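K.L.:
Sharing a sequence plus its predicted fold:
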Amino acid sequence: MTQANRDGMALLARHGLRVTRPRLEVLRAFDHHDRLTGEDVYRLLARDASGISMATIYRVLAELAGAHILDRYVLGRGASVFARHRGGHSVHLACCRCGLVEACDDEHASAALAMLAASRGFVIAEAGVVVKGVCIACAASPDEDVAS
Ligand SMILES: [Zn+2]
């Protein structure tokens, strides 16, 4: 049993999920990758000959997102990107064309969210903001509409 598996088991237990091999394998994929789509996870696990089907991977990703272990970012055209839930303030820029998701968790974003909340007497426990748009590479190639 590896340390990563022990961490994964503890994480699942803490969120009230039964420990299963697919859940551990999917979690492990996020150890070395910040953001992954279902297809990314499938490719990574297929490389290890895990034998876990695409349908199972999507089901597990939905379960982990439901338990707030992962965050799901829904992009245009039904595509989703998943990332480890970090809590605190997270701001992501998501490209609706190519699916790029970029974290911009800088102090300016946190300060702006805190000020916005404070101006209404609101105390933030945690914030997740997704700004949808078009990344710099896609903006430079004018072949498609921005609409999603
Ligand atoms: Zn893009």
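P.N.:
Noted; the coordinates are in hand.
K.L.:
residues in the protein within reach of the ion, list them.
P.N.:
Near the ion, the residues belonging to the chain are 95, 97-98, 100, 135, 138 when assessed by Cβ under 5 Å from the ion. The C-beta positions use only the backbone N, C-alpha and C, and glycine is treated the same way.
K.L.:
Now a PyMOL select for only the buried ones of those residues.
P.N.:
What follows is the PyMOL syntax selecting those of the residues of the chain next to the ion that are buried according to 16 or more other Cβ atoms under 10 Å:
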select buried, resi 95+97+100+135+138
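K.L.:
want to throw the residues of the chain next to the ion into a markdown table with pLDDT, secondary structure and distance to residue 80?
P.N.:
Conversion of the residues of the chain next to the ion to a markdown table gives the following (pLDDT from 0 to 100; DSSP: H, G, I helix; E, B strand; the rest coil; distance: Cβ to Cβ, whole Å):
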| residue | pLDDT | secondary structure | distance to residue 80 |
| --- | --- | --- | --- |
| 95 | 89 | strand | 14 |
| 97 | 88 | coil | 15 |
| 98 | 86 | coil | 14 |
| 100 | 84 | coil | 13 |
| 135 | 92 | coil | 17 |
| 138 | 93 | helix | 18 |
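K.L.:
Which single one of the residues of the chain next to the ion is nearest to residue 17?
P.N.:
Of all the residues of the chain next to the ion, the one sitting nearest residue 17 is residue 100; the distance, using Cβ to Cβ, is 29.4 Å.
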